[in-house]
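Student: Quick one, structure for this:
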Amino acid sequence: MAGTVKYWFRAKRYGWGWGLPLTWQGWVVLVVYVLSIVLSAVFFEPHGHPYAFAGLAILATVALSLVCWLKGEPPRWRWGKDRE
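Tutor: Residues are numbered from 1 along each chain as shown. Sure, this is the predicted structure:
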């Protein structure tokens, strides 16, 4: 189908935001996010370098949120019944 948008992340059924990925691209983004948090914890131990770890975790979370915003369903508050 031409002109159909394929979302990488589905909007949550309840609340605001996104849930689990819908496509392989979304899963790759999520795996990269988790790996970046794990590697940040390995190289900048949270108890030894709390500011470096927190900064990298915040940076990774902002990047994930940006990808979700650009490639996910439009966010809005949902109550569960209005699933399209």
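
Student: Tell me if residue 10 really is in a strand.
Tutor: Yes - counting by DSSP: H, G, I helix; E, B strand; the rest coil, residue 10 is part of a strand.

Student: Do a quick rundown of the strands in this structure.
Tutor: 9-11, 14-15, 18-21, 78-79 (DSSP state E).

Student: partners of the second one, with directions?
Tutor: Strands flanking strand 14-15 in the sheet, each with its direction: strand 78-79 (antiparallel) (DSSP bridges).

Student: contact partners of the partner strand?
Tutor: Strand 78-79 is contacted from outside by 11, 12, 13, 14, 15, 16, using Cβ atoms under 8 Å, 6 or more residues apart in numbering. From N, CA and C alone the C-beta is placed, and that goes for glycine too.

Student: who wins for neighbours among the residues you listed?
Tutor: residue 11 (20 neighbours; other Cβ atoms under 10 Å).

Student: If we ignore the residues flanking it in sequence, what's nearest that one?
Tutor: What sits nearest to residue 11 in space, not counting adjacent residues and going by Cβ to Cβ, 6 or more residues apart in numbering, is residue 73, at 4.0 Å.

Student: swap in residue 23?
Tutor: residue 8 (5.0 Å).

Student: count of residues packed around residue 72?
Tutor: Neighbours of residue 72 (other Cβ under 10 Å): 20.

Student: tell me the contacts of it?
Tutor: 7, 8, 9, 10, 11, 18.
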